[in-house]
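> when you get a sec, could you give me coordinates for this:
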Amino acid sequence: MKVLVAVKRVIDYNVKVRVKPDNSGVDLTNIKMAMNPFCEIAVEEAVRLKEKGVASEIIVVSIGPKVAQEQIRTALALGADRGILIETDEEVQSLQAAKLFKAVVDKEQPQLVILGKQAIDSDNNQTGQMLAALAGMGQGTFASEVVVEGDKVNVTREVDGGLMTVALNLPAVVTTDLRLNEPRYASLPNIMKAKKKPLEMTTPADLGVDVAASLKIVKVEEPATRSAGIKVADVAELVEKLKNEAKVI
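Purely as a prediction, here's the structure:
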């Protein structure tokens with residue numbers, strides 16, 4: 001079974017994000033970049049399926065500038081077999097990303113597509129669902145367990161009332177939640193081997209997809225600074241302040 005995994009290059013989650021002085025976006029100057037954490041979980045799940053003998057080949061796909069090869073090489077070091085970079089310096093939004101992945105799906109014909117449920121930069125949680133709709137595949141989102149049985153995949157997903165398990169016919173799209181697995185670290189020998197694994201370069205134009213933005217970012221601002229807390233002497237004072245100052249009761 002061929003598995004396709006989408007990964008995204010984002011600002012490392014340990015880095016404090018800075019807004020540009022003109023409020024046009026996020027300042028990426030000299031910022032450490034990394035693979036999106038949810039994408040790491042997607043890669044790990046694909047590798048585990050291969051270790052179980054379920055998956056025969058893992059293809060990692062990313063969209064971004066040439067330096068996004070770093071994140072693909074990381075995925076290759078974790079156990080993926082080959083990579084595809086759709087190279088563009090444009091900021092690709094969710095629908096355009098879904099169309100690009102759809103073009104790759106049409107070419108590669110994977111039986112399972114795994115994506116992180118969202119990227120930590122935009123937090124849109126849209127691309128997986130859009131891809132499934134465009135490709136006409138069943139989808140299992142927010143997966144906390146994935147079990148492939150024959151020509152079906154059972155996806156246990158987290159919902160407000162607890163857990164729901166959906167059975168999907170393959171091919172299908174799955175998006176990963178935090179509790180699906182714990183990603184491994186790449187070993188030094190595998191990092192060296194990853195440098196020799198095939199990595200194909202293509203462009204949106206090659207795939208026949210226009211990546212012009214359909215949404216316009218008007219302004220980006222940092223969250224408002226929280227005011228300092230205060231200590232109260234007793235419950236009576238707390239109730240008084242909640243009633244007369246905060247006006248929440």
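
> residues contacting Ser214?
Residues in contact with Ser214 (C-beta atoms under 8 Å, 6 or more residues apart in numbering) are Gln93, Leu95, Gln96. Every C-beta, even on glycine, is put in place using the N, C-alpha and C of the backbone.

> let me fix that, I meant to ask about Glu200.
Arg82, Gly83, Ile84, Leu85.

> mind listing the helices for this protein?
Here the chain has its helices, by DSSP state H, at 37-51, 69-78, 94-108, 127-135, 188-194, 235-244.

> for those, which one sits closest to Val153?
helix 37-51 (9.7 Å; C-beta to C-beta).

> please tell me how far the closest residue in space to Asp106 that isn't next to it in sequence sits from Ala42.
Closest residue to Asp106 apart from its sequence neighbours, by C-beta to C-beta, 6 or more residues apart in numbering: Ala135 at 7.9 Å. Using C-beta to C-beta, to the nearest Å, one obtains 17 Å as the distance from Ala135 to Ala42.

> which one of these two has more residues nearby?
A count of neighbours by other C-beta atoms under 10 Å puts Ala42 above the other of Ala135 and Ala42, at 31 against 18.

> Gln139 - nearest residue in space that isn't next to it in sequence?
Ala132 (3.7 Å).

> angle of the lengthiest strand in the chain against helix 37-51?
Ranked by residue count under DSSP state E, the longest strand found in the chain is strand 138-149. Interaxial angle of strand 138-149 relative to helix 37-51 (axes from the mean of the first three to the mean of the last three C-alpha atoms, to 10 degrees): 30 degrees.

> which one of the helices of the chain lies nearest to Arg226?
helix 235-244 (16.6 Å).

> off-centre distance for the closest one?
Computed by C-alpha atoms, centre = their mean, to the nearest Å, the chain-centroid distance of helix 235-244 equals 44 Å.

> helices or strands next to it in the packing?
Applying 3 or more C-beta pairs under 8 Å, 6 or more residues apart in numbering; DSSP states H and E, one finds that helix 235-244 contacts no other helix or strand.

> Val19 contacts Leu28, correct?
No. In this structure Val19 lies outside contact range of Leu28 using C-beta atoms under 8 Å: 11.2 Å.
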